[in-house]
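A.B. asks: predicted model and sequence follow; I will ask about them next.
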Amino acid sequence: MRVAKRGGGYRDMDAKVDKAVNMVNLEGRANLVSLSGAPGGVELLTSDETEANKVHLKIVELKRRYQETQFELAALLWRVNEERLFTAKSLGGYGSFGEYVESELEFSIRKAHMLITMHWWYSIEQHGDQKLLQGAREIGWTKAYHLVKVIDPTNADQWLMLAKKSTERSLAQQVRAALNAAGKTKGRRVRATKPTMNPLPGMNPDDPEPETPTTEEADARGFVVQDLSDKPDASEGVPPPSEEQVSEVMAQDEKWTTWSARIPKESKGVVDEAIELAKKLAKTQNSGWALSLMAQHFLSFSHDKKTVMIGEWLATFERNTGLKVIAVDPQDEQVVYGQELLKSVEEEEK
């Protein structure tokens, strides 16, 4: 009989204990009993607890099968991306891998890239190293993805042990701490390869790839491209960090929070452009930091009177464009900005 263990997994009872459990269940006892002679005693399950145990073990089994499915999915997504199978007419002839994922599979392109990156490292770059691949399967695909940035055959035991003891968030922090300690701003990313130029029957790539696509071109077509800014050595892993280094990363994380909002589609371009300009002016690559600076700038010009607020906005618009503005509030049909300009126009027309 299998009995669930706290934290996942199960243990097997020996025949003696299994028989005693069955007797307890048949007799309908309500309390736990202990078998004498066993080290520390053996705790038996009541009928209610036995049912809870069965349900939990079913969940554990489904979780295991889910993880296996994700690894299979990663391998297939790698092929779809690498061989440009998304261009097949039977699939709709998509122009990019991202379009295919979001339209046909209905999950985020980010998850697809994570799965591809995981498969690329453990199965392609490491040639299916069984130790690494088995370890990745044991810890699950999300943790395995985080370890892509640091793990290799020489440090696999250390990182896999940490992964088994850590939550996903904690493991991600440890990986960041290790990269910081090693002086690496980024980990490994999938290397772009030349796509197949002999498409399968039914495929019709209208726009063949150049020999070496640029980052912008590759991103537009849905490829995951290795960032060569710091030229990481794909064969060199990063050792696990010290407790002090992890504590530093955790302390920094405490200073940040996640915030999201829905905006109209027509406004997204303006927001993106504003964030990029703020990043350039602040010399940062962090969109969240740029957004906070934009909010501070806005508040510095805010006022509790509507007319003053409108005046600040339109005066800035005039300075930036060289245009002159007359603004009318349609609710009360009153001119709220540009009164002097309006008077001068009226005088000229007389």
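C.D. replies: Okay, I see it.

A.B. asks: sketch out the low-pLDDT regions of the protein for me.
C.D. replies: Where the chain drops to pLDDT under 70, the residues are 1-47, 185-187, 189, 191-235, 300-309.

A.B. asks: if we go to 50?
C.D. replies: Scanning the chain with the threshold set as pLDDT under 50 gives 16-17, 20-21, 24-38, 194-234.

A.B. asks: ok, which stretches of it are helices?
C.D. replies: 15-27, 47-82, 97-100, 109-119, 130-139, 141-147, 156-165, 168-181, 215-220, 243-253, 265-282, 287-300, 306-321, 339-349 (DSSP state H).

A.B. asks: ok, residues contacting the fourth one?
C.D. replies: To tie it back to what came earlier, the one meant is helix 109-119. Residues from elsewhere that reach helix 109-119 (CB atoms under 8 Å, 6 or more residues apart in numbering): 70-71, 73-75, 77-78, 81, 97-98, 101-102, 105, 136, 141-142, 144-145, 148, 188-190, 222, 224. Heads up, the C-betas are built off the backbone N, CA and C, glycines and all.

A.B. asks: pull out the buried residues from it.
C.D. replies: Going by neighbour count (16 or more other CB atoms under 10 Å), the buried part of helix 109-119 is 109, 111, 112, 113, 114, 115, 116, 117, 118, 119.

A.B. asks: between these, which is nearest residue 291?
C.D. replies: residue 109 (22.0 Å; CB to CB).

A.B. asks: how close does that closest one get to residue 247?
C.D. replies: 34 Å (CB to CB, to the nearest Å).

A.B. asks: and stretch 274-292, how far apart are its ends?
C.D. replies: One end of stretch 274-292 sits 12 Å from the other (CA to CA, to the nearest Å).

A.B. asks: ok, and for it, which residues are buried?
C.D. replies: 275, 278, 279, 290, 291.

A.B. asks: how far away is the nearest residue to the second one once chain neighbours are set aside from residue 176?
C.D. replies: When the adjacent residues along the chain are set aside, residue 278 lies closest to residue 290, with 3.8 Å between them (CB to CB, 6 or more residues apart in numbering). Applying CB to CB, the value for residue 290 to residue 176 is 21 Å.

A.B. asks: how does this structure divide up, domain by domain?
C.D. replies: Listed by automatic domain parsing, the domain ranges of the chain are 2-45, 93-194+214-253, 265-297, 301-350.

A.B. asks: now, which of the buried residues of stretch 274-292 sits nearest residue 57?
C.D. replies: Using CB to CB, residue 291 comes nearest to residue 57 of the buried residues of stretch 274-292, at 46.1 Å.

A.B. asks: before we move on, the earlier item: among the buried residues of helix 109-119, which one sits closest to residue 266?
C.D. replies: residue 109 (22.2 Å).

A.B. asks: was I right about residue 159 contacting residue 147?
C.D. replies: Yes - if you go by CB atoms under 8 Å, residue 159 and residue 147 touch, sitting 5.4 Å apart.

A.B. asks: more neighbours: the two, which one.
C.D. replies: residue 147 (29 against 26; other CB atoms under 10 Å).

A.B. asks: if I pick the more buried one, what's in contact with it?
C.D. replies: Here residue 147 is in contact with 136, 139, 159, 160, 163, 171, 175 (CB under 8 Å, 6+ apart).

A.B. asks: need the residues you listed in TSV (columns: distance to residue 91).
C.D. replies: Below are these laid out as TSV (distance: CB to CB, whole Å):
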residue	distance to residue 91
136	29
139	33
159	37
160	37
163	35
171	35
175	35
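
A.B. asks: buried set for stretch 130-146?
C.D. replies: 132-133, 135-137, 139-146.

A.B. asks: what do you get for stretch 69-83?
C.D. replies: Result for stretch 69-83 [16+ other CB under 10 Å]: buried residues 70, 71, 73, 74, 77, 78, 80, 81, 82, 83.
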